[in-house]
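K.L.:
Sharing a sequence plus its predicted fold:
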Amino acid sequence: MIIVTGANGQLGRMVAERLLERVPAEEIGVSVRDAEAARDLGARGVRVRRGDFADPDTLPHAFEGASKVLIVSTGTTGEAAVRGHRAAVAAAAAAGAKRILYTSHMGASPSSRFVPMPDHAATEEALQRSGVPFTSLRNGFYTSSAVELVRGALETGVLAVPEDGPVAWTAHADLADAAVLALTDEVLDGLSPALTGPEVIDMAGIAEILTRLTGRPIRRVVVSDDEYRAQLIDHGVPESSADLLVGLFAASREGDFAPADPTLADVLGRPVVRVADYLKSALTTRG
Ligand SMILES: NC(=O)c1ccc[n+]([C@@H]2O[C@H](COP(=O)([O-])OP(=O)(O)OC[C@H]3O[C@@H](n4cnc5c(N)ncnc54)[C@H](OP(=O)(O)O)[C@@H]3O)[C@@H](O)[C@H]2O)c1
């Protein structure tokens, strides 16, 4: 049985849906914190069990009979995140999984200035120590995150963020398809190459694309890290989230999220989503 965690989240749900197109439902299980929210999957024959990495006693039942487990990283950071991911790796190994897969990130490193990156590196260490064959999917930066970063600029016409660097923005849908192939066809082993979209684009490039798509000028302005942090906090962003965002720009200008890599398109056997196309469709959906 293939177990997918985080199946009530964006990526995990896409993986579960796409797995259903390739694997009989009775061979798929999801481990979720809220079983009620996954009732629709249950109705389609998927085994739905409650599993919470913060409550490891739930995991033996959630992962029972697993041949492979896809551990979708949690959205938390720091020691709690790593503790949860380690618990999930240990539970997958104890359940007898023949392969453990994990959604890591390109640029995962103990020394990155972007807070989730050391967490991913620590989880990758746990995978390496588990003694079980593993696949760490080093996903590129979600293009959906770029949409979040430019939301204010669409209103004001000014994209005022710290100095940045090129980022290989990547669509959830492409990453979900790669995860499904890694679960079913064993296409990736160990630490994967960066799984990215086809190009790197910095914030000035994003502003240009938005200008073209909206027909309204969006001006890219560089502000200092301190100024940006203070503005975020003024707008009610919690300090830890403000620090995380400042760290994102610091890491990007150090090149943590570049270059683009052809592996994702190669694995999928088709072109992957370009940033401009993603933004165009996000703006259309937004109305
Ligand atoms: N590559 C990137 O650029 C990028 C950007 C942002 C995040 N990420 C990482 O990619 C992950 C998946 O992305 P996404 O878009 O699917 O995020 P998402 O929609 O926020 O989903 C995160 C999932 O993690 C689950 N989760 C949280 N705490 C958990 C716990 N203690 N035990 C078990 N599951 C737990 C959540 O469960 P519930 O549904 O119960 O809340 C949710 O299903 C994120 O969680 C984050 O680690 C990557």
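P.N.:
Received the coordinates, thanks.

K.L.:
mind exporting stretch 207-225 as PDB, just the C-alpha atoms?
P.N.:
The C-alpha trace of stretch 207-225 is given here as PDB (Å, rounded to 0.1, in the frame of the first residue of the first chain):
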ATOM      1  CA  ALA A 207       7.500  42.800 -12.100                       C
ATOM      2  CA  GLU A 208       8.100  42.900 -15.900                       C
ATOM      3  CA  ILE A 209       5.800  39.900 -16.400                       C
ATOM      4  CA  LEU A 210       3.100  41.400 -14.300                       C
ATOM      5  CA  THR A 211       3.400  44.700 -16.200                       C
ATOM      6  CA  ARG A 212       2.900  42.800 -19.400                       C
ATOM      7  CA  LEU A 213       0.000  40.700 -18.200                       C
ATOM      8  CA  THR A 214      -1.900  43.500 -16.500                       C
ATOM      9  CA  GLY A 215      -1.100  46.300 -18.900                       C
ATOM     10  CA  ARG A 216      -0.300  48.400 -15.800                       C
ATOM     11  CA  PRO A 217       3.200  49.300 -14.800                       C
ATOM     12  CA  ILE A 218       4.500  47.400 -11.800                       C
ATOM     13  CA  ARG A 219       7.800  49.100 -10.600                       C
ATOM     14  CA  ARG A 220      10.300  46.900  -8.700                       C
ATOM     15  CA  VAL A 221      11.900  48.900  -5.800                       C
ATOM     16  CA  VAL A 222      14.700  47.600  -3.600                       C
ATOM     17  CA  VAL A 223      14.200  48.100   0.100                       C
ATOM     18  CA  SER A 224      16.600  47.100   2.900                       C
ATOM     19  CA  ASP A 225      16.000  43.900   4.800                       C
END
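
K.L.:
tell me the mean pLDDT over it?
P.N.:
Averaged across stretch 207-225, the pLDDT comes to 96.

K.L.:
Tell me which residues of that stretch come out buried.
P.N.:
Neighbour-count burial for stretch 207-225 flags 207-211, 213, 218, 220, 223, 225 (criterion: 16 or more other C-beta atoms under 10 Å). Where you see a C-beta, it was placed from the backbone N, CA and C, and this is true even at glycine.

K.L.:
which ones are touching Ala179?
P.N.:
Residues near Ala179 by C-beta atoms under 8 Å, 6 or more residues apart in numbering: 11, 15, 70, 101, 103, 137.

K.L.:
Can you verify the third one is assigned to a strand?
P.N.:
Right, the one you point to is Leu70. Yes: counting by DSSP: H, G, I helix; E, B strand; the rest coil, Leu70 is located in a strand.

K.L.:
and the closest residue to the ligand within the chain, what does it touch?
P.N.:
With C-beta to the nearest ligand atom, the shortest gap between the chain and the ligand falls at Gly9, namely 2.2 Å. Shown in contact with Gly9 (C-beta under 8 Å, 6+ apart): 72, 75.

K.L.:
which residues of the stretch 101-250 of the chain fall in helices?
P.N.:
Under the criterion DSSP state H, counting those that start in this stretch, the stretch 101-250 of the chain contains helices at 116-129, 143-156, 172-184, 203-214, 225-234, 239-253.

K.L.:
just for the stretch 151-287 of the chain, where's the confidence low?
P.N.:
Applying pLDDT under 70 to the stretch 151-287 of the chain flags the ranges 286-287.

K.L.:
got the residues of it near the ligand?
P.N.:
Neighbours of the ligand within the stretch 151-287 of the chain, by C-beta under 6 Å from any ligand atom: none found.

K.L.:
what residues does the stretch 1-150 of the chain put near the ligand?
P.N.:
Counting by C-beta under 6 Å from any ligand atom, the residues of the stretch 1-150 of the chain close to the ligand are 5-6, 8-12, 32-34, 52-54, 72-75, 84, 103, 105, 139, 141-142, 145.

K.L.:
Mark which of those residues are buried, thanks.
P.N.:
5-6, 8-9, 11-12, 32-33, 52-53, 72-74, 84, 103, 105, 139, 141-142.
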